[in-house]
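got a predicted model here, sequence first, then my questions.
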Amino acid sequence: MTSILNRAINVYSLPSVLLDNLQVRSIQAEPPSSATAGPSTAVIPTGKPTENGLIKSQVGSGLFSCQTCPQATFETVQSQREHFQSDWHRYNMKIKQNGVVTAEQFDQMVENLSSISGSESGSSSSSSNSSDQDKVSKLLRRQRLQPINEDEEALELADRQRRAHLRTAIIWFAPNSPIEQLGIPKDTQFGIHRALFPPFERATEYLDELKKMQLSNQNQMKNGEEEEEEERRMTLLMVAGGHFAGMVVGIRPKGKGEKQDVKGAGEVRVLQHKTFHRYTTRKKQGGSQSINDNAKSKAISAGAMLRRYGEQALQEEIRALMVEWKEDIDLSERIFIRASTHGRKSFWGYEGAVLDKGDPRIRVFPFPTRRPTQSELLRCWHELIRVRISHLTEEALRQQDEEYITSLQPRKPTIKPSPLPSPITQPVQKKDPEEIAREDRHRRLEEMIIKGRLESLRPFWEKYKSGFSSDVLSIASQAGQEEIVKFLLEEKVDPTLPLDDGARRSYDVASTKGVRNVFRRMAYDHPDWWDWKAAHVPSGLSEEQEVAQEQKKMERKRGLREKMKEREKSKAVEVVEPIQQVKQETSSVIGPTQKLGGKSGEGGLEGLSNEMRLKIEREKRARAAEARFK
């Protein structure tokens, strides 16, 4: 049977068989168990932890009570005011971040403190009022030096677990056992974004809510008539860099014959969508114009005025759109917003705002988003409703939980932490002076080779040649330094050694033909020095062969020059022939005794037609061209 894990799973359409076998796998959000106070206990939290991590006091049924001190009830306002001035209340106010104590526990702690301080104080007769006022500070100082007992460690661990659960962005569910009919093996986990759930305190509530989120495939029947299930709506809003994109999505079972707007879910309809853009961001500098104005003085340029106008127009357009979408927004169960602190002023904080800052439906996108566009909203929607799947063993999951809980720091340590020992730094391995000198010599040698300083290279090479590697030959070959390549080959630098890639040799990286000829001449003159075929040198080159190559090259150049001359002559003939024709035509008009271009009488060319004048001018230019060819 095909497993459902091979396709994308929608959080709103999970199989009922899977839901019946699911359990919450995330770190539990159960409240820490209360512990009884002992004589040596410094702080004993009582009551139930709230969402912000504080401990609520257990308030009795009296007319007046204290919300900080547990089981503190009063008959009159005067007695309540006296309690607010007592050491018990002052002490609980100081430590309420970590927990509160009862009146009996506080008396026991004061009695223990008095017995210890009395044995240490001797016969000092200070005022009792001053000692009473100092009880709270003495208790607090003593608790900083007193180690945490086992009960406090357990409560601190429970508080870390609760905070770890509240911080996780994804709620993980796991089946109780493998589900063969759906192809779900053991050690499979399903993750759903916490942002889709209300802020629950207990882990089991997430599973109940997940079951309520499911959309039935068939419409419900009520009083014998078919009733359409209520549509669930979600609003997604983004604004950044002058770009705005908004969308309202409706989720309900797909009826017969209905068109599917969004691929994947089968019951999703885009009810509203809108995108627009205004010029608000400074080019290549980032940030809106208002942020720049607040950080510096108000700019007065034309671009700054346009950006301010764009910001105001963008804000007004968003607010008008919120009013237009008010009905859909009010029916939305979740509102996801991506906006900066300044951009959120377009959604709330003004008169007539559709949204309120404290609306419990508002969420931020629990993953990175791109530029606000319609396609980005659709991508974020699919990312939100997609169920994540992982396959981890129970040991791996337990280890992850322990590491994450350990990474959380306690809210307020009851022991003054001792200074951590300075980390032992590994001594920096200093280079050997000889190695440093060797690297410097190699750098200087490489510089001489690249710049072609053969006269400086000779004595330097004679002095330090034993410490250089064979890559100097490839450096000279690649730099095109023929004289240095010849010098290195005469100094018996091995040309057969491979380069870094293992395939090429120094001959292969030669940048000019002259360098390659140096290798070939050395191969001809000294064939027994190296295996020149292993050095990739094709063949030796003698002086006769090189002279023959030069002669062939000169002949080839001479032939090219002759061809160019013949081509120029043929062009000259093509120009001279029309010149001769013009001469013959004009001679019959001008006469045998009158020179071309000379004046005849007063007018010279007077009496000639325009066509003949143009022919005479062309003949003049043709004669000048013929003279230049000669």
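Right, received. Where do you want to start?

quick check, residue 111 in a helix?
Yes. Under DSSP: H, G, I helix; E, B strand; the rest coil, residue 111 sits within a helix.

distance check, it against residue 278.
70 Å (CB to CB, to the nearest Å). Bear in mind the C-beta positions are built from the backbone N, C-alpha and C, glycine included.

please apply the same query to residue 94.
Distance, residue 94 to residue 278, by CB to CB: 52 Å.

more neighbours: which of the two?
Using other CB atoms under 10 Å as the criterion, residue 94 and residue 278 rank with residue 278 on top: 21 against 14.

if I look at that one, how far off is residue 196?
With CB to CB as the criterion, residue 278 and residue 196 are 32 Å apart.

can you check residue 474 too?
63 Å.

compare these two (neighbour count), which wins?
Using other CB under 10 Å as the criterion, residue 474 and residue 196 rank with residue 474 on top: 25 against 21.

is it true that that one touches residue 506?
Yes. Between residue 474 and residue 506 there is a contact at 4.4 Å, judged by CB atoms under 8 Å.

joint contacts of the two?
residue 499 (CB atoms under 8 Å, 6 or more residues apart in numbering).

for residue 176, which non-adjacent residue is closest in space?
residue 21 (5.0 Å; CB to CB, 6 or more residues apart in numbering).

helices of the stretch 401-550 of the chain, residue ranges please.
433-451, 454-464, 471-479, 482-490, 513-525, 543-590 (DSSP state H, counting those that start in this stretch).

for whichever strand or helix holds residue 395, buried residues please.
Assigned by DSSP states H and E, residue 395 belongs to helix 394-407. Buried residues in helix 394-407, counted by 16 or more other CB atoms under 10 Å: 397, 401.

now do stretch 66-79
Applying 16+ other CB under 10 Å to stretch 66-79 flags 66, 68, 69, 70, 72, 73, 74 as buried.

how close does the residue nearest to the first one when sequence neighbours are not counted sit to residue 567?
Sequence neighbours aside, residue 72 is the residue nearest to residue 66 in space, at 4.0 Å (criterion: CB to CB, 6+ apart). As defined by CB to CB, residue 72 lies at a distance of 116 Å from residue 567.

residue 247 now?
73 Å.

ditto for residue 616
30 Å.

and for residue 207?
Taken as CB to CB, the span from residue 207 to residue 567 is 93 Å.

which one of these two is surrounded by more residues?
Each of residue 207 and residue 567 has its neighbours counted (other CB under 10 Å); residue 207 has more, 16 against 10.

pretty sure that one sits against residue 174.
No. Assessed by CB under 8 Å, residue 207 is found out of contact with residue 174, at 10.9 Å.

okay, and the common contacts of the two?
By the contact definition CB under 8 Å, 6+ apart, residue 207 and residue 174 are jointly contacted by 22, 23.

can I get the CA coordinates of whichever strand or helix holds residue 377 in CSV?
Element membership of residue 377, judged by DSSP H and E, is helix 374-385. The C-alpha trace of helix 374-385 is given here as CSV (Å, rounded to 0.1, in the frame of the first residue of the first chain):
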residue,chain,number,x,y,z
GLN,A,374,1.3,37.3,-4.3
SER,A,375,3.4,34.2,-5.0
GLU,A,376,5.3,34.7,-1.7
LEU,A,377,2.0,34.7,0.2
LEU,A,378,1.0,31.5,-1.5
ARG,A,379,4.3,29.9,-0.7
CYS,A,380,4.0,31.0,3.0
TRP,A,381,0.5,29.6,3.1
HIS,A,382,1.6,26.2,1.9
GLU,A,383,4.5,26.3,4.3
LEU,A,384,2.2,27.0,7.2
ILE,A,385,-0.3,24.2,6.5
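
show me which residues of that helix are buried.
Quick answer for helix 374-385 (16+ other CB under 10 Å): 376, 377, 378, 380, 381, 382, 384, 385.

check contacts around the fourth one.
Taking CB under 8 Å, 6+ apart as the criterion, residue 380 is in contact with 236, 336, 365, 367, 369.

for stretch 533-546, measure first residue to last.
Stretch 533-546 stretches 20 Å from its first residue to its last (CA to CA, to the nearest Å).

show me the contact partners of it.
495-496, 504-508, 517, 519-521, 523-525, 527, 532.

closest to residue 190 out of those?
If you rank those by distance to residue 190 using CB to CB, residue 504 comes first, at 55.0 Å.

my guess is the closest one contacts residue 498. True?
Yes. Using CB under 8 Å, residue 504 is in contact with residue 498, at 7.0 Å.

can you give the domain ranges for this protein?
Per the record, the chain has its domains at 64-165, 239-372, 433-545, 570-629, by automatic domain parsing.

may I see those arranged in JSON lines, with distance to residue 399 as well?
Output for the domains of the chain, formatted as JSON lines (distance: least, CB to CB, whole Å):
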{"stretch": "domain 64-165", "distance to residue 399": "14"}
{"stretch": "domain 239-372", "distance to residue 399": "24"}
{"stretch": "domain 433-545", "distance to residue 399": "43"}
{"stretch": "domain 570-629", "distance to residue 399": "90"}
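
nearest to residue 3, out of those?
domain 239-372 (18.0 Å).

what pLDDT does residue 303 get?
Looking at residue 303, its pLDDT reads 80.

so what pLDDT did residue 390 get?
87.

ok, how many other residues are close to it?
Considering only other CB under 10 Å, residue 390 is surrounded by 14 other residues.

that one and residue 189 touch, don't they?
Yes. Judged on CB under 8 Å, residue 390 makes contact with residue 189 at a distance of 4.7 Å.

and for the two, which residues touch both?
residue 172.

burial check on the closest residue to residue 465 other than its chain neighbours, number of neighbours?
Of all residues not flanking residue 465 in the chain, residue 491 sits nearest, at 6.9 Å (CB to CB, 6+ apart). If you count neighbours by other CB under 10 Å, residue 491 ends up with 13.

now the stretch 201-350 of the chain, which segments are flagged as low pLDDT?
Scanning the stretch 201-350 of the chain for pLDDT under 70 picks out 216-230, 254-267, 284-287, 291-297, 299.

circling back to that earlier point, in TSV: the buried residues of helix 374-385, plus distance to residue 356 and pLDDT.
Formatted as TSV, these follow (distance: CB to CB, whole Å; pLDDT from 0 to 100):
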residue	distance to residue 356	pLDDT
376	26	94
377	23	94
378	27	93
380	23	94
381	24	92
382	28	91
384	22	92
385	26	90
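
for residue 101, state which of those is nearest.
So of those, ranked by how close each gets to residue 101 (CB to CB), first place is residue 384, at 44.8 Å.

quick check, the closest one in contact with residue 336.
Yes. Residue 384 is within contact range of residue 336, at 7.4 Å (criterion: CB under 8 Å).
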